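Student: have a look at this prediction, sequence included:
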Amino acid sequence: MDTPGPVGESETGRGWDLLVLCLSAFILTSVSRVHQLFPVLAVLRPVTVSGVLAIVLCLLDRAPAGRIGAQRIPATRYLLALVVWLALSVPGALWPGGAFATLVDFIKTALIFLVMVTAVRSVRDVERLTLVYFVGAVIFAIVVLTRTQFQLGVEGRMERLYFYDSNDFATYAVTALPLGLFFALTSRRLLLRLAAWAGIGVLAVGFMWSGSRGGFLALVAVIAYFLLRYTTVRRSWRLSAVVAIGVLALATAGDTYWTRISTVLRPGEDYNSTDEQGRLRIWRRGVGYMVQHPVFGVGAGNFPRAEGTISPLVERQPRSRGLKWGPPHNSYVQVGAELGVPGLLIFAAFLISVFRALSTLPTVAGPSPPGHGPFGPVRLAQSLTASLIGFVVGAFFLTLAYHDMLYTLAGIAVGLRQVSVNAARTQRAQRDRVAMSDEPMVARLADVPSPVIG
């Protein structure tokens, strides 16, 4: 494994290696779904191929010490604990086959997280993966906005998106926006800055067309963090950026959009509060499943089956009418209902540990890396924090507990902390060597005998 040097160390000749390229391909396919945007790529099964190649290359090319170090990270331990709890939920699941399939898929996700943490050699590698995440979101938004089959529905929202629905896409866009802002503010390459600003504009337009109320609340949370805690940007610039976003929103969103968003302030008038298939009723039933099955839940991936088999609606539903086996529309209710109280606590601990990893990023003295502004790693940590805040808020209204979107962001975030810790450790070791090299000379001077007079 390459030993990362200090953050300010020149990285000439250390570009995109094969492992980082495989991880990039995985992000573009598993999160950005480019193989569904361009079906010719689906023949190659890029999600499976890139994921397997990344895992194999990590085992072959990275030293065992790096993998052992990754296993000592709190976020990694909580993620492994979550994998174990998913496995324990399988035998008693309402549908063991579905729980086992969910477990197998999640093991792949956990392995990719580990690969990301151990694959990055420097802050530049972390930036590369961050850029791929942002570019993938922009590509998805461009395709959605330009293809005619994605027309606005009667509520002014985009319909029939690839893989994601309009709410999922809104949260995806919110998680990508802070990463684009990082490159727009930090890169010293004019072309990359201009491309980042253009990408931010595309994502903002796509976000408005999604008409997502949960996404809107996620964006508000990200903007609040940007105004209050994004300390690597002057306050005047932060206010200017928020004003620019507001102007863009007013220019691209019509009355239909704002009428829909305004219902957030009047929840009693929305079907989510009154209908049996509305979110509030579904969440209430999900909490009931967790109370009925407090230890291992109804089984990973089994929430829809619980809705169709043990839901209170089953007894009240006429035999002549079918019952919807729907998702929980809340990642936290999803985990609590499917994995029980311990699973929910592990999931929450994982999220907290990732935020903590970014908030306790060690600082390294010396100049910024080539191509950076003066705040490179710290600004990147704050951008990733904003992205994760967007996910945490957006996931309150979506079924994304096991989705690669979260664990990709978490892997990039923890990888950033690891390379920063390694860089700080290397810098301390260099200072200690310098100090030790000076000690013998001082000792020799102290041992010189005084001249004898007479």
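Tutor: Right, received. Where do you want to start?

Student: how about residues contacting stretch 44-63?
Tutor: By Cβ atoms under 8 Å, 6 or more residues apart in numbering, the surrounding residues in contact with stretch 44-63 are 1, 17-19, 22-23, 25-26, 28-30, 34-35, 67, 108, 111-112, 114-115, 118-119. Where C-beta positions appear, they are placed from N, C-alpha and C, glycine not excepted.

Student: helices or strands next to the helix or strand that contains residue 337 in the packing?
Tutor: In the assignment (DSSP states H and E), residue 337 maps to helix 331-359. With contacts taken as 3 or more Cβ pairs under 8 Å, 6 or more residues apart in numbering; DSSP states H and E, helix 331-359 sits against helix 74-89, helix 279-292, helix 303-309, helix 376-394, helix 404-447.

Student: now do the contacts for the residue positioned nearest the centre of the chain.
Tutor: The chain has residue 409 as the residue nearest its centroid, 2.6 Å off, counting by Cα atoms, centre = their mean. Counting by Cβ under 8 Å, 6+ apart, residue 409 touches 133, 175, 384, 387-388, 391.

Student: among the contacts of stretch 44-63, name the ones in helices.
Tutor: 18-19, 22-23, 25-26, 34-35, 67, 108, 111-112, 114-115, 118-119 (DSSP state H).

Student: which ChimeraX command selects the buried ones in the residues you listed?
Tutor: In ChimeraX, this line selects whichever of the ones in helices among the contacts of stretch 44-63 come out buried by 16 or more other Cβ atoms under 10 Å:
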select :19,22,23,25,26,34,35,67,108,111,112,114,115,118,119
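
Student: now do the helices in the stretch 151-300 of the chain.
Tutor: 166-186, 190-210, 213-229, 235-252, 255-262, 271-274, 279-292 (DSSP state H, counting those that start in this stretch).

Student: and the last one, C-alpha only, in CSV?
Tutor: To tie it back to what came earlier, the one meant is helix 279-292. Provided in CSV are the C-alpha atoms of helix 279-292 (Å, rounded to 0.1, in the frame of the first residue of the first chain):
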residue,chain,number,x,y,z
ARG,A,279,-46.9,8.2,5.0
LEU,A,280,-48.1,8.9,8.5
ARG,A,281,-50.3,5.9,8.7
ILE,A,282,-47.6,3.7,7.1
TRP,A,283,-45.0,5.0,9.6
ARG,A,284,-47.4,4.3,12.5
ARG,A,285,-47.8,0.7,11.3
GLY,A,286,-44.1,0.4,10.9
VAL,A,287,-43.6,1.4,14.5
GLY,A,288,-46.1,-1.3,15.4
TYR,A,289,-44.1,-3.9,13.5
MET,A,290,-41.1,-2.9,15.5
VAL,A,291,-43.0,-3.2,18.8
GLN,A,292,-44.3,-6.6,17.8
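
Student: quick one: contacts of it?
Tutor: With contact meaning Cβ under 8 Å, 6+ apart, helix 279-292 is reached by 272-273, 275, 297-298, 303, 306-307, 310-313, 326, 328-330, 333-334, 336-337, 340-341, 344, 397.

Student: mind doing that once more with 7 Å?
Tutor: For helix 279-292, the external contacting residues (Cβ atoms under 7 Å, 6 or more residues apart in numbering) are 272-273, 275, 297-298, 303, 306, 311-312, 326, 328-330, 333, 336-337, 340-341, 397.

Student: show me which of those are buried.
Tutor: Neighbour-count burial (16+ other Cβ under 10 Å) applied to those gives 272, 297-298, 303, 306, 311, 328-330, 333, 336-337, 340-341, 397.

Student: pLDDT-wise, what's the bottom of these?
Tutor: Within those, residue 272 has the lowest pLDDT, namely 66.

Student: by mean pLDDT, show me the worst of the helices of the stretch 151-300 of the chain.
Tutor: helix 271-274 (a mean of 64).

Student: confirm residue 402 sits in a strand?
Tutor: No: checked against DSSP: H, G, I helix; E, B strand; the rest coil, residue 402 lies outside a strand; its state is coil.

Student: what about the nearest residue to it once chain neighbours are set aside, which SS state?
Tutor: Nearest non-adjacent residue to residue 402, counting by Cβ to Cβ, 6 or more residues apart in numbering: residue 106, 5.2 Å away. Recorded secondary structure, residue 106: helix (three-state DSSP).
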